[in-house]
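Participant: Build the 3D model from these lines:
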Amino acid sequence: MREEKGKYDYTLLAALFLLVIAGLVILYSTSAYNGEVKFQDSFYYLKKQAFATGLGIACMFFVAGMDYHMWKHAAFLGYLIAILLSLAVIFVGQEYNGSKRWLSLGPFSFQPSEFSKVAVILFLAVVVTKNVKDMGKMRTLIKVMVMILPIVGLVGASNLSTAIIILGIGVILVFVASPKYGQFLVMGALGVGFMAVFLALESYRLERLEIWRNPEAYEKGYQTIQGLYAIGSGGLFGRGLGKSVQKLGFVPEAQNDMIFSIICEELGLIGAGFILILFLVLIWRFFVIATRAQDLFGALIAAGAMAHMIIQVILNIAVVTNTIPNTGITLPFVSYGGTSVVFLLIEMGLVLSVSKMIQ
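Facilitator: Numbers count the residues shown, from 1 in each chain. Alright, predicted model coming up:
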């Protein structure tokens with residue numbers, strides 16, 4: 001498919017809307033029981049998610065209709081705001097399920113880490129574009145990565161999984177723009193060392209490693225085990241939409257991080273595979289847009305969105321299947337979370353804006 005200037009990438013839009021619609025249907029099926037028990041309203045989670053999705057779609061088309069080059073002038077300010085919001089979370093943030101990740105804005109709660117992902121993509125796209133001639137030098141790579149360490153550290157203080165995503169986005173964008181690859185071995189070694197120190201600083205992070213290795217021996221491994229039961233009971237075709245047993249209080253907060261396990265239980269391997277295919281189509285279109293973009297800035301925006309989607313989807317599924325320790329990360333467009341879906345759709349608007357400028 002070859003895009004014409006002035007037209008959106010319709011393949012991307014089609015896959016995105018299929019994913020959003022499927023996500024709302026799956027969310028209702030997964031959350032109806034919890035909504036009825038906690039709020040006496042089986043539609044509670046669906047209504048809030050549908051409102052956020054509608055708002056996000058409106059924002060997406062607004063952003064898509066703008067010239068993406070204008071964001072060059074706002075990228076640094078956006079990054080600074082992300083740092084200030086992350087500081088605010090540390091001091092006045094709301095705590096939920098043991099994690100302080102939210103800011104209250106009247107009746108609404110806002111998760112600044114979701115804004116930080118978009119802010120970092122734009123900020124790095126600008127920084128890398130300005131330093132593109134020197135991206136083959138090790139000192140330039142280190143300088144660029146050091147620039148995002150403040151937000152990585154601040155977000156990581158309360159949300160390790162999002163900090164890993166932001167760091168991953170940074171590494172991939174630098175990798176895309178660099179003409180040399182050998183130096184990434186050094187960066188990889190430094191990254192492993194940083195993660196080892198970061199994990200050792202807090203005992204609960206090391207405890208997660210032990211729970212991952214032997215979930216049956218720990219009370220906190222209950223969610224992981226129940227999620228695996230859900231995946232195993234789904235088989236090839238699943239129990240049927242709405243017929244999950246594990247969502248009836250067995251998988252805690254099933255509509256959030258563990259929603260993929262309920263997809264597997266209700267829709268089986270076939271249904272889960274369909275959702276993964278939609279994600280693969282999105283990632284493919286991000287790659288196509290990045291390679292055909294009008295300039296490096298546009299290519300880096302699309303590459304950043306691609307990196308974000310790849311990392312978050314892989315981490316979520318890896319957690320649900322207990323391939324890696326539980327990090328509390330959501331499945332894009334499917335898991336419950338208003339802030340997440342709004343900023344994901346804004347990010348899609350940025351990519352659509354880049355696609356619209358392709359010759």
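
Participant: Please count neighbours and contacts with C-alpha atoms only from this point.
Facilitator: Will do.

Participant: Tell me where the stretch 1-150 of the chain has strands.
Facilitator: For the stretch 1-150 of the chain, the strands defined by DSSP state E, counting those that start in this stretch cover 94-96, 99-105, 108-110.

Participant: Each with direction, which strands does the first one pair with?
Facilitator: Put plainly, it is strand 94-96. Its sheet considered, strand 94-96 pairs with strand 99-105 (antiparallel) by DSSP bridges.

Participant: Could you tell me how far the partner strand lies from the centre of the chain?
Facilitator: On the basis of C-alpha atoms, centre = their mean, to the nearest Å, strand 99-105 sits 18 Å off its chain's mean C-alpha point.

Participant: again, but for stretch 218-233
Facilitator: Relative to its parent chain, stretch 218-233 has a centroid offset of 23 Å by C-alpha atoms, centre = their mean.

Participant: re the thing from before, need the strands of the stretch 1-150 of the chain in TSV with mean neighbour count, mean pLDDT and distance to Asn159, can you?
Facilitator: Formatted as TSV, those follow (neighbours: other C-alpha atoms under 10 Å; pLDDT from 0 to 100; distance: least, C-alpha to C-alpha, whole Å):
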stretch	mean neighbour count	mean pLDDT	distance to Asn159
strand 94-96	13	74	12
strand 99-105	17	77	7
strand 108-110	15	79	14
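
Participant: mind listing what's buried in stretch 269-279?
Facilitator: Using 16 or more other C-alpha atoms under 10 Å as the test for burial, stretch 269-279 gives Leu269, Ile270, Gly271, Ala272, Ile275, Leu278, Phe279.

Participant: Would you mind giving those residues as JSON lines with distance to Cys59 added?
Facilitator: Converted to JSON lines, the buried residues of stretch 269-279 look like this (distance: C-alpha to C-alpha, whole Å):
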{"residue": "Leu269", "distance to Cys59": "34"}
{"residue": "Ile270", "distance to Cys59": "33"}
{"residue": "Gly271", "distance to Cys59": "29"}
{"residue": "Ala272", "distance to Cys59": "29"}
{"residue": "Ile275", "distance to Cys59": "24"}
{"residue": "Leu278", "distance to Cys59": "22"}
{"residue": "Phe279", "distance to Cys59": "21"}
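
Participant: okay if I get the strands of the stretch 1-150 of the chain as TSV plus distance to Gly234?
Facilitator: Putting the strands of the stretch 1-150 of the chain into TSV (distance: least, C-alpha to C-alpha, whole Å) gives the following:
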stretch	distance to Gly234
strand 94-96	30
strand 99-105	31
strand 108-110	34
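
Participant: which one of those lies closest to Pro150?
Facilitator: Of all the strands of the stretch 1-150 of the chain, strand 99-105 sits nearest to Pro150, with 16.5 Å by C-alpha to C-alpha.

Participant: What is the neighbour count of Ala88?
Facilitator: Using other C-alpha atoms under 10 Å, the number of residues around Ala88 comes to 16.

Participant: before we move on, what about Phe123?
Facilitator: By other C-alpha under 10 Å, 26 other residues sit near Phe123.
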